[in-house]
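In: Just need the structure, nothing else, for what follows:
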Amino acid sequence: MPSISTSHGTDTASTEADIANHESQTDPLTTIYELAASGDACAMNFLSNCFEAGTHVEQNRVEALKWLNMAAEHGHAGAQHNLGLMYYAGDGVEQSYETAYKLFMSAANQGVSLSLFILGKMHEDGLGTPKNIDEAMVWYNQAANSGNPNAQNKLGDFYSQGISFEQNAVIAFEWYMKAAEQGHAEAEHNVGNFYLLGEGVEKNAEKAFKWISRAVEHKHADSYSTLGTLFNFGLGVKQDTQKAIVWFTKGVECGSETAHINLASIYLCGAPGININYSKAFSLLNSAVSNGSYLAAYSLANMYRLGAGVVQSYDVALELFLKSAEVGYPPAMYSLGVAYLHGHGVEANNEEAFKWINKAAELGDDDAQFVLGYVYAEGKGVKADLGIAMMWLRKAAEQGHKQAMVMLRTLCRPSKQPPAIVKKRPQKRR
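Out: Residues are numbered from 1 along each chain as shown. Model prediction:
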């Protein structure tokens with residue numbers, strides 16, 4: 001949690017002026033002690049900083065904490081905020097979210113924007129106060145409107161994901177941009193992604209490259225991977241696989257999950273001038289899986305399923321598919337369903353297969369939607385239902401699934417049976 005050391009309060013300017021006037025005439029600490037003894041909160045906070053850093057005095061954290069407590073009790077907003085950080089983290093004091101909450105509240109009431117943001121976070125996470133997303137939004141909104149980039153980025157997240165607000169990509173982009181213009185690395189990354197995908201703003205790969213590059217300058221880990229993707233596919237910049245590998249590698253060094261997966265994909269598939277290297281791909285994916293990546297688990301499962309660079313093992317593949325499916329990843333759910341359908345690594349079980357494929361289809365997986373359309377059209381393991389079949393096939397076709405498009409056209413094609421012959425009635429003679 002970031003801290004602030006800027007003094008707050010109406011007596012700040014006069015105290016600093018007094019200290020400056022006396023520094024050339026007397027020992028500056030004598031003046032500060034005198035001001036602190038007279039109840040000057042800024043002087044108390046200054047003494048705390050001196051003892052904390054060992055400036056003018058021997059470093060002493062006990063004395064630093066004593067003076068910080070005194071400054072906070074005398075209403076110094078910066079001291080209240082910094083003491084709140086100590087109780088929040090248990091740094092030099094016994095951790096107490098309740099005490100931290102009270103201190104942040106006191107600082108926030110004096111306009112410390114970072115305290116406003118942290119109060120929002122505490123309400124969001126239920127730390128020191130009951131969890132309440134709506135209340136969190138009140139504090140985030142105050143902090144954002146006071147110019148805090150962390151809060152502005154958070155509001156962008158909430159509008160983007162539809163948390164506490166109706167989902168609105170345009171407003172999300174506006175908040176991300178406010179934070180990005182202040183140099184907030186994650187917001188710069190988000191702005192770049194919105195330009196890349198055309199969410200809340202007109203798609204513009206060149207602007208995406210510009211903002212992702214800024215986030216990289218601020219060492220945002222996932223932005224290394226995104227920049228690699230831009231070079232890999234020539235989006236907003238000339239295509240260059242070698243540069244893509246350089247940026248993916250930097251992302252891997254920073255611990256980026258997506259960088260591990262994207263670099264592994266290059267080694268799995270190869271590229272102009274880049275040979276397939278299953279060993280490197282396996283190492284990258286395995287590292288990401290060990291850090292809890294469900295996306296990497298899915299990719300590694302496919303290596304075991306296909307025997308790509310490893311001894312083929314449906315058992316290991318099933319275990320990895322399950323790990324990814326349990327956190328809600330649709331392609332893994334579909335693959336798990338297929339494994340149960342064909343008995344790969346597990347005894348065949350149509351009921352389990354249908355359960356996982358249905359879950360994947362409901363979450364938008366086009367392969368799963370096609371399979372459901374097929375089985376309902378043909379009555380494979382379920383009662384044939386052309387209406388349900390058409391519904392799933394349309395969903396898959398809308399996502400560009402070619403087999404679904406073909407089957408949909410076939411089902412919609414007029415029957416080619418010859419028309420029934422209707423015998424004409426003989427006309428009566430007049």
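
In: what's the next secondary structure element after the helix or strand hosting A361?
Out: Take DSSP states H and E as the rule and A361 turns out to sit in helix 350-362. Next in sequence after helix 350-362, counting helices and strands by DSSP H and E, comes helix 366-378.

In: on contacts alone, who are the packing partners of whichever helix or strand comes after that following helix?
Out: For helix 366-378, the succeeding helix or strand toward the C-terminus, using DSSP H and E, is helix 386-398. Applying 3 or more CB pairs under 8 Å, 6 or more residues apart in numbering; DSSP states H and E, one finds that helix 386-398 makes contact with helix 366-378, helix 402-412. From N, CA and C alone the C-beta is placed, and that goes for glycine too.

In: average pLDDT for helix 386-398?
Out: Mean pLDDT, computed over helix 386-398, is 95.

In: before we move on, what about stretch 172-188?
Out: pLDDT averaged over stretch 172-188 equals 98, rounded to a whole number.

In: swap in stretch 407-421?
Out: The average pLDDT within stretch 407-421 is 69.

In: ok, now stretch 268-286?
Out: The predicted confidence, averaged over stretch 268-286, sits at 94.

In: And stretch 88-106, by the same measure?
Out: Averaging the model's pLDDT scores along stretch 88-106 yields 97.

In: which of the residues in it are buried?
Out: For stretch 88-106, the neighbour count (16 or more other CB atoms under 10 Å) marks Y88, V93, Y97, T99, A100, Y101, K102, L103, F104, M105, S106 as buried.

In: In CSV, list these along with distance to L336 and secondary structure.
Out: Formatted as CSV, the entries for the buried residues of stretch 88-106 read as follows, by distance: CB to CB, whole Å; DSSP: H, G, I helix; E, B strand; the rest coil:
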residue, distance to L336, secondary structure
Y88, 41, helix
V93, 48, coil
Y97, 40, helix
T99, 47, helix
A100, 44, helix
Y101, 43, helix
K102, 49, helix
L103, 49, helix
F104, 45, helix
M105, 48, helix
S106, 52, helix
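
In: Now the two most distant members of those residues.
Out: V93 and M105 (17.5 Å; CB to CB).

In: Restricting to C-alpha, output stretch 367-375 in PDB.
Out: Output of stretch 367-375 as PDB, limited to C-alpha atoms (Å, rounded to 0.1, in the frame of the first residue of the first chain):
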ATOM      1  CA  ASP A 367     -17.500 -26.000 -30.300                       C
ATOM      2  CA  ALA A 368     -19.700 -27.100 -27.400                       C
ATOM      3  CA  GLN A 369     -22.700 -25.200 -28.900                       C
ATOM      4  CA  PHE A 370     -22.100 -27.000 -32.200                       C
ATOM      5  CA  VAL A 371     -22.000 -30.400 -30.500                       C
ATOM      6  CA  LEU A 372     -25.200 -29.700 -28.600                       C
ATOM      7  CA  GLY A 373     -26.900 -28.700 -31.900                       C
ATOM      8  CA  TYR A 374     -25.700 -31.900 -33.500                       C
ATOM      9  CA  VAL A 375     -26.900 -34.300 -30.800                       C
END
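
In: now what about that stretch, what contacts it?
Out: By CB atoms under 8 Å, 6 or more residues apart in numbering, the residues outside stretch 367-375 that reach it are 330-331, 333-334, 337, 357-358, 360-361, 380-382, 388-393, 395-396, 399, 401, 403-404, 407-408.

In: Now the buried members of those residues.
Out: For those, buried by 16+ other CB under 10 Å: 330-331, 333-334, 337, 357-358, 360-361, 388-390, 392-393, 395-396, 401, 403-404, 407-408.

In: could you list every residue that touches K121?
Out: When contacts are counted by CB under 8 Å, 6+ apart, K121 is found next to L127, A136.

In: Check the burial of S313 by counting its neighbours.
Out: When counting by other CB atoms under 10 Å, one arrives at 16 neighbours for S313.

In: Nearest residue to it in space, ignoring adjacent ones along the chain?
Out: With sequence-adjacent residues excluded and distances taken as CB to CB, 6 or more residues apart in numbering, S313 is closest to Y304, at 4.8 Å.

In: Contact partners for that neighbour?
Out: Contacts here follow CB under 8 Å, 6+ apart; on that basis Y304 touches V310, Q312, S313, Y314, V316, A317, L320.

In: Secondary structure element holding it?
Out: Following DSSP H and E, the helix or strand that holds Y304 is helix 294-306.

In: one step back: gap between the residue nearest to S313 and D367?
Out: From Y304 over to D367 the distance is 19 Å, taken as CB to CB, to the nearest Å.

In: who touches whatever helix or strand A259 lives in?
Out: Assigned by DSSP H and E, A259 falls within helix 257-269. When contacts are defined by CB under 8 Å, 6+ apart, helix 257-269 is touched by residues 221-222, 224-226, 228-229, 232, 241, 244-245, 247-252, 274, 276-278, 280-282, 284-285, 287-288, 291, 293, 295-296, 299, 303, 308.

In: what's the angle from it to helix 294-306?
Out: Computed with axes from the mean of the first three to the mean of the last three CA atoms, to 10 degrees, the direction of helix 257-269 lies at 20 degrees from that of helix 294-306.

In: Go through helix 257-269 and flag the buried ones.
Out: By 16+ other CB under 10 Å, the buried positions in helix 257-269 come out as E257, T258, A259, H260, I261, N262, L263, A264, S265, I266, Y267, L268.
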